[in-house]
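J.: Using only what follows, build the 3D model:
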Amino acid sequence: MYSKKPNNPGTSSGAAGGQRQRTTTTHPRWIFKALWLVTLVAAGAIAFANVRPYVNLVKHLGLKFLDRFVLQFLASIPIVNAIAAAGGGLVTLVCGVALWGVFQIIEVLPVVLYNHAGFLEEVIGDAESGRKYATKHDDDPTVRGLKEVYNKLPVAFLENLAKVRAIAYALDFCICFWNYSPVKSGRITDFFYVLSTGQWNKIDFSNLLLALTTLFGVEISIMLLLWVGKLAFTMKRAADKQ
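T.: Presented below is the predicted three-dimensional model:
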């Protein structure tokens, strides 16, 4: 009495193809999210471990005097002794974290800026806009200097930031190798002497690894986060176009 309606092979194959497409495009997104989350956790762990050299430096530079005298005097007061006893370590920790943050911002900021397409587009567009002042021989020296500063203004920030970053890395290198000295004497000059003479048995490679991790760990983690985020965004755009 009733006849079965034949199945449409095109519809079924299209549905299957769409299901396969959703599966293949959804699965990598979860992989990138998991990879980004793992990298973020690793970056947080590295950042937490890297604070120690800067806290030790703050203690060495003079806040230990504050801990020893001022806070001990406050600790003799019965009401505030418990807070004052813990206050010395808190002050040292806050100053150490602040010092660490200054170094990391200077070192990581160029990485973030050079991976920001919008920022680079604005700098390049401003530099090629043609709004330049011509300098003349009869210009007042102050005016000539202002013209030169204005003409270099689009890229001057990046140039100065690169110089400040080099100085920050040099100081950061001294701090890291002072706290995690690869040689027993603790002097950086002795470390380079040991390297130049090939006395590898005198190098503490565990401290060397800690120093290098403290020096470059946060920047490498930020670079990995940016790369994973860019790759995931590119994959998403490619999947949306299909």
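
J.: Okay, now the unreliable bits of this structure?
T.: 1-29, 62-89, 130 (pLDDT under 70).

J.: Let me see the ranges of the helices in it.
T.: When assigned using DSSP state H, the helices of the chain occupy the ranges 9-49, 52-58, 64-65, 71-75, 81-114, 117-127, 141-151, 153-179, 188-197, 205-241.

J.: right, so these: which one is the most enclosed?
T.: Most buried of these by mean neighbour count (mean count of other CB atoms under 10 Å) is helix 52-58; its value is a mean of 20. No exception for glycine: its C-beta is placed from N, CA and C like everyone else's.

J.: can you give me how far it is from the chain middle?
T.: A distance of 19 Å separates the centroid of the chain from that of helix 52-58, by CA atoms, centre = their mean, to the nearest Å.

J.: List of residues touching that helix?
T.: Residues outside helix 52-58 that contact it (CB atoms under 8 Å, 6 or more residues apart in numbering): 92-93, 95-97, 99-100, 103, 175-176, 178-180, 214.

J.: rerun at 7 Å
T.: The contact list for helix 52-58 (CB atoms under 7 Å, 6 or more residues apart in numbering) reads 92-93, 95-96, 99-100, 175-176, 179, 214.

J.: Sort out which one of those residues lies nearest residue 31 for me.
T.: Ranked by distance to residue 31 (CB to CB), the contacts of helix 52-58 are led by residue 214 at 30.1 Å.

J.: residue contacts, the closest one?
T.: Contacts of residue 214 (CB under 7 Å, 6+ apart): 50, 53, 176, 180.

J.: Return the member of these nearest to residue 235.
T.: The closest of those to residue 235 turns out to be residue 50 (CB to CB; 31.5 Å).

J.: Which residues are in contact with that closest one?
T.: Residue 50 makes contact with 100, 214, 217-218, according to CB under 7 Å, 6+ apart.

J.: could those residues be laid out in a markdown table, adding distance to residue 40?
T.: Converted to a markdown table, the contacts of residue 50 look like this (distance: CB to CB, whole Å):
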| residue | distance to residue 40 |
| --- | --- |
| 100 | 18 |
| 214 | 19 |
| 217 | 14 |
| 218 | 12 |
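
J.: Tell me the one of those residues nearest residue 116?
T.: Nearest to residue 116 among the contacts of residue 50: residue 218, at 18.0 Å, using CB to CB.

J.: Check the spacing between that closest one and residue 188 real quick.
T.: Here the criterion is CB to CB, to the nearest Å. By it, residue 218 lies 21 Å from residue 188.

J.: Phi and psi next, for residue 51.
T.: phi -70, psi -30 (degrees, to the nearest 10).

J.: What is the neighbour count of it?
T.: A total of 17 residues lie near residue 51 under the criterion other CB atoms under 10 Å.

J.: need the contact list for it.
T.: Residue 51 sits next to 96-97, 100 when contact means CB under 7 Å, 6+ apart.

J.: between these, which is closest to residue 45?
T.: Among the contacts of residue 51, and counting by CB to CB, the member closest to residue 45 is residue 100, at 14.6 Å.

J.: Many thanks, have a good one.
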